Each structure stands twice: as C-alpha cells, then as structure tokens.
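Enquirer: Fold the stuff below for me.
(one chain, ligands or ions: 1)
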Amino acid sequence: MKKRVLYWLQNDLRLIDNVILSDLATFQGELDLVFVVEPRWFKQSNYQLKPYGEQKYRFLLESLHALADALEAIGQTLHVITGEPEAVISQRLKQYAISKLVCTEQVGYYEQKQLSKISELCPDVIIKTYQQDTLFTERDLPFQLHNLPKNFTAFRKKVESEPTFVAASLEAVSQLPHPVQLCPENVLPESSAQSGSFCGGLIAAQQHCNDYFSSKAPSSYKETRNELDGFSNSTKFSVWLASGTISVKQLYHEVAKYEQENGANESTYWIKFELLWREYFKWHAKLFGAKLFRFKGQKESPPLHTFNSHRFLAWCQGRTPFPLVNAIMNELNSTGYISNRARQIAASCLVNEFAVDWRYGAAYFEQQLIDYDVAANWGNWQYIAGVGVDPRGGRHFHINKQTALYDPTGCYVRKWDGERQITPSIDNTDVVDWPI
Ligand SMILES: Cc1cc2nc3c(=O)[nH]c(=O)nc-3n(C[C@H](O)[C@H](O)[C@H](O)COP(=O)(O)OP(=O)(O)OC[C@H]3O[C@@H](n4cnc5c(N)ncnc54)[C@H](O)[C@@H]3O)c2cc1C
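Expert: Predicted coordinates:
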C-alpha cells in the first residue's frame, strides 16, 4: 500500500510560501489535506462568548473556499470536516492507515494540547510540526526560548543587533501527490452571500499585497498608522496573516523589496518593527502557555477588577457614555476589524473606565475580530490591563484626549453612529453605575 500523509491545515491556508506543501510536493505517496471546523466555535463557552462570530466565520469560509479552489486546480482536494480535532483527526489517521501527520506549529496552549492528545491517541503515527507562522524559527532565535527578553524593546534590540535569519519565501507549489482515495466527504459550507469589508483567501491576500506595495503607502506608514480609520493608513495585513493566507516571511521580504526599489525610510522600517511585535507575542505565547489566559497574567496578584454584566454588555454593544468607544465597537461589530488605536482605546476603556476583568474583553475580541490571533490578542490585552509584558505596567488611554487627537471633527464618531443614545427600554441599572 502507498504511504499516506495527513496535512492538518490551520492558520496556513495558502500555496505560496507554504513550507509543508513544498516539502510534500515530491512525496511519493498519497496526501490527505484536512481542515477541521470545531463545533465549540459556535457555542457559548468561556465568558459566555463564542470563539467565532459572524464576520469571523464568513472570512474563514472565504479563505477555505479560495484554498479549496486553488488545490483543485492542481489536482488535490481540501477536506473540511467537523468535530473535535483530537477525535476526528485520530479517527481519520486510523481509518485510512495514515502513517504521518504534519502541521504548522501552533503557539497557543490549547492548540498545542490538541496535538499532544492526537499523539497520545495515535502513538504509531509520526508527527512533524513546522514553524512557519513566525519570521524566525526557534533555532534561529539569538537566545533560548526560556531566555526570551522580558519586554519587546529588549527583544527587538537583540534580534536587530544579531541580525536573525528570515528564510526566503517559497514559490507556490504547482503540483502535489494524489489525494488519499476516500469516500467523498466535503462539508465545506457555502460562503455567505453577504460580503464584508475584507475578502478572505489567498487570492485576495496576494492582491492586497500587490496593491499595497505598488502604492506609496509604505513610505508614509509611520505617520498614518495611528489613525482611527482609513484603509491605507496601516497595512491591513493582519486579516490575511491570521489565517495564514499570506505568510509573514513573504511580507517581510516584500518590505525589503519595496525598500530596494523605492528607498528605505523610517516608515518602511516601522512596518518591520510592527512585524517584530507580532513575532514577540508569538514566542511569548509559546513560552507562557496557559498564563496567557490568567487573570493575573505574569503578575503575582490579580488586578482589582471584577465582572459587571451591565457595563460589559453596554461596551460590547456600543452603548456606553463615550461616543468614541461606541463608534469603535459599532465598527468592530459590523466589520470584524478596527485599527490598532481603536483597539487600544476600547480595551483601555473596559479595563480602566469600567474596571471590568480584561479577559471578557479579550474573549469578545476573539469572537469578533476577523484577524483574531491568540498570541497578539491575549498578549495585547494583558499589556493594556497591566498584567503582561509592559514595563510601564498597563496603559490608560484617556478618552477625551484620544477623541481630541484622533477624531477632532467627530467624523469617525458620526460614521459609526457613536452618539446613538442608550435606548429607554434598557434597564436603568445599565446607566446608574458608570464610574465616571
Ligand atoms: C487589545 C488589542 C487586541 C489585539 N488583537 C489582535 C489580534 O487578535 N490579531 C492581530 O493580528 N493583532 C491584534 N492586535 C494588534 C494590532 O492592533 C493589529 O495587528 C493591527 O491593528 C492590525 O492592523 P494592520 O495589519 O493594518 O496593522 P499594521 O499597523 O499595518 O501593522 C503591520 C502588522 O504588524 C503586526 N502588528 C502591529 N501591531 C501589533 C501589535 N500591537 N501586536 C502584535 N502584532 C502587531 C500585525 O501583524 C500587523 O498586520 C491587537 C491589539 C490590541 C491593542
């Protein structure tokens, strides 16, 4: 019988610079390509929230359809199956006598546990993971992971002073081994007819990459990146990076190419600087494991915050006493994306103005953001809540000051309806206890 390999796709939904597919291109056997949709993604769990909201799921489906089409064009099939990965992947490995499982290494604690469980259930299967969601591999880091610098600046200085190797971006694979002969089993649901502000998938990702780097936007990134709104004010790559429809290494090399052709300046450097933030949070998540989700984070004692359902709900629904925060949450709820500045203001408001347990906010962002990334989301929330890797111990963004700086004409608040009044039908308890 032919040898069989199962590739479990997760946040690597691409053909260009996919190290696993490139490795498998010459494999003389059969290849099973699988993506698992987990039922728990659509059920309320921790913090009474679902891991997948509407926009986030729409974006995922678009990404899966684009990948399925691209694979079909080269004679392969993407199987989208539903279930708990531990159960359905293990069952599939056994049922089809597959001897090897490959996947991209996940830095998230729970994702790592899933793989360990599969390994326990299928002790005879060889498991190989690839570090391809980061700029560097762990081996190329200029320190051992347990010596990860305690803050971003120290990390950045270290990798910049001992220039760390970013592997070349690989061409798209043009052929793959045949699929494992299986009964037809493809439950990839139709993409929603409703389109969003961003289109998911590997084609949209490459299109955006071409558009962005053929514009002059990278040369003014540093001056515009802090704006609340505006498509070209920041790169918007997060939405495709999170699903891995584009690779971070490809992006890094695209910046370098742009610099060669158009000249390097502080702005082009700053895109790489921000990609290093992403990198730092990835390694931080891997090192800190379950502590990423702890109320007290990296600290000895937890913040003096609690859970208040009225304040939390009003924050989620954009009906707080702060028009700017309402506008931000309205944008998040309708598009699944908000700028970095908006994320900081909304997060700071929940933590500092409303004294709500930061993990509820992080879980809400997890549900709503189409670019949700476990390391960046929970790492940034910890940072703002003062229980993470911030040497200053938390960030307070004063809302009036932020409004004056970033929305002086009220244009953003009007666009996203931030002045909408709290409706009279809402219980009074919603509004009586605002700590302002
Ligand atoms: C509370 C909070 C939650 C966040 N949750 C997420 C999340 O779930 N997923 C996510 O990708 N980013 C998250 N971020 C980081 C950041 O806000 C987004 O990466 C950024 O706004 C995405 O837009 P962009 O691609 O245009 O960013 P750009 O400004 O163009 O930056 C380029 C790239 O650098 C990386 N980057 C930039 N800032 C950060 C940062 N602070 N932390 C980590 N990476 C960064 C991203 O990959 C981004 O695509 C969060 C920030 C905050 C404050």
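Enquirer: For Ser243, give me its contacts.
Expert: Ser243 is in contact with Asn11, Leu13, Phe59, Leu60, Ser63, Gly200, counting by CB atoms under 8 Å, 6 or more residues apart in numbering. (Glycine included, C-beta is placed from N, CA and C.)
Enquirer: how about 10 Å then?
Expert: Counting by CB atoms under 10 Å, 6 or more residues apart in numbering, Ser243 touches 10-14, 56, 59-60, 62-64, 66-67, 200-202, 205, 370-373.
Enquirer: Would you mind writing the ChimeraX command to select the buried ones in these?
Expert: Here is the ChimeraX selection string for the buried members of those, based on 16 or more other CB atoms under 10 Å:
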select :10,11,12,13,14,56,59,60,62,63,64,66,67,200,201,202,205,370,371,372,373
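Enquirer: Any residues of the stretch 201-350 of the chain in contact with the ligand? List them.
Expert: Residues of the stretch 201-350 of the chain found near the ligand (CB under 6 Å from any ligand atom) are 225, 234-238, 241-242, 271, 274-275, 277-278, 281, 339-340, 343-344, 347.
Enquirer: Repeat the analysis, applying 8 Å as the threshold.
Expert: Along the stretch 201-350 of the chain, the residues adjacent to the ligand under the rule CB under 8 Å from any ligand atom are 221, 225, 233-239, 241-242, 248, 251, 271, 274-275, 277-278, 280-281, 337-340, 343-344, 346-347.
Enquirer: Return the subset of those residues lying in helices.
Expert: Counting by DSSP state H, these place 221, 238-239, 241-242, 248, 251, 271, 274-275, 277-278, 280-281, 340, 343-344, 346-347 in helices.
Enquirer: residues contacting the closest residue to the ligand within the stretch 1-150 of the chain?
Expert: Nearest to the ligand in the stretch 1-150 of the chain, going by CB to the nearest ligand atom, is Lys56, at a distance of 10.2 Å. Applying CB under 10 Å, 6+ apart, we find Lys56 in contact with 41, 50, 196, 200, 242-243, 336, 366-372.
Enquirer: same check, this time on Lys216
Expert: Ser232, Tyr258, Asn262, Ser267.
Enquirer: So what's the predicted local confidence for the residue lying closest to the third one once chain neighbours are set aside?
Expert: The spatially closest residue to Asn262, leaving aside those adjacent along the chain, is Ser219, at 6.3 Å (CB to CB, 6 or more residues apart in numbering). At Ser219, the pLDDT value in this model is 98.
Enquirer: Repeat that for the one 3 residues further on.
Expert: Reading off the confidence values, Lys222 has pLDDT 97.
Enquirer: what's the burial count for it?
Expert: 17 (other CB atoms under 10 Å).
Enquirer: tell me the contacts of the closest residue to Gln44 other than its chain neighbours?
Expert: Distances taken as CB to CB, 6+ apart put Lys50 closest to Gln44, at 5.7 Å, once the chain neighbours are dropped. Contacts here follow CB under 10 Å, 6+ apart; on that basis Lys50 touches Arg40, Trp41, Phe42, Lys43, Gln44, Lys56, Tyr57, Ala363, Glu366, Gln367, Gln368.
Enquirer: Tell me which of these fall in helices.
Expert: Counting by DSSP H, the contacts of Lys50 place Lys56, Tyr57, Ala363, Glu366, Gln367, Gln368 in helices.
Enquirer: for the residues you listed, which one is nearest Phe213?
Expert: Phe213 lies nearest to Lys56 out of those, by CB to CB, at 26.5 Å.
Enquirer: Do you know the pLDDT at the closest one?
Expert: Looking at Lys56, its pLDDT is 97.
Enquirer: From Leu31, how far off is it?
Expert: Lys56 sits 28 Å away from Leu31, going by CB to CB, to the nearest Å.
Enquirer: quick one: which of the contacts of Lys50 is nearest to Val180?
Expert: For those, the nearest to Val180 is Trp41 (25.7 Å; CB to CB).
Enquirer: coming back round to it: quick one: which of the contacts of Lys216 has the most company?
Expert: Neighbour counts for the contacts of Lys216, by other CB under 10 Å, peak at Tyr258, which reaches 21 neighbours.
Enquirer: Now name the helix or strand holding Thr268.
Expert: Using DSSP states H and E, Thr268 sits in helix 266-288.
Enquirer: Can you name every helix or strand that that helix contacts?
Expert: Helices and strands touching helix 266-288, by 3 or more CB pairs under 10 Å, 6 or more residues apart in numbering; DSSP states H and E, are helix 109-121, helix 152-161, helix 221-224, helix 238-243, helix 248-262, helix 374-385.
Enquirer: Buried residues of the fifth one, list them for me.
Expert: For helix 248-262, burial by neighbour count (16+ other CB under 10 Å) applies to Val248, Lys249, Gln250, Leu251, Tyr252, His253, Glu254, Val255, Tyr258, Glu259.
Enquirer: Would you convert those into CSV that also reports pLDDT and distance to Ala385?
Expert: Output for these, formatted as CSV (pLDDT from 0 to 100; distance: CB to CB, whole Å):
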residue, pLDDT, distance to Ala385
Val248, 98, 26
Lys249, 97, 31
Gln250, 97, 33
Leu251, 98, 29
Tyr252, 97, 30
His253, 97, 35
Glu254, 98, 34
Val255, 98, 31
Tyr258, 98, 36
Glu259, 98, 36
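Enquirer: Quick check: the farthest pair among these?
Expert: Val248 and Glu259 (16.8 Å).
Enquirer: Which residue lies nearest the spatial centre of this structure?
Expert: The chain has Asp373 as the residue nearest its centroid, 2.4 Å off, counting by CA atoms, centre = their mean.
Enquirer: what's it in contact with, if anything?
Expert: Shown in contact with Asp373 (CB under 10 Å, 6+ apart): 11, 107-108, 133, 238, 241-243, 278, 281-282, 285, 366, 379-380.
Enquirer: got any ranges where the chain has weak pLDDT?
Expert: 183-187, 192-195, 421-436 (pLDDT under 70).
Enquirer: at 80 instead, please
Expert: 1, 163-164, 182-196, 390-394, 421-436 (pLDDT under 80).
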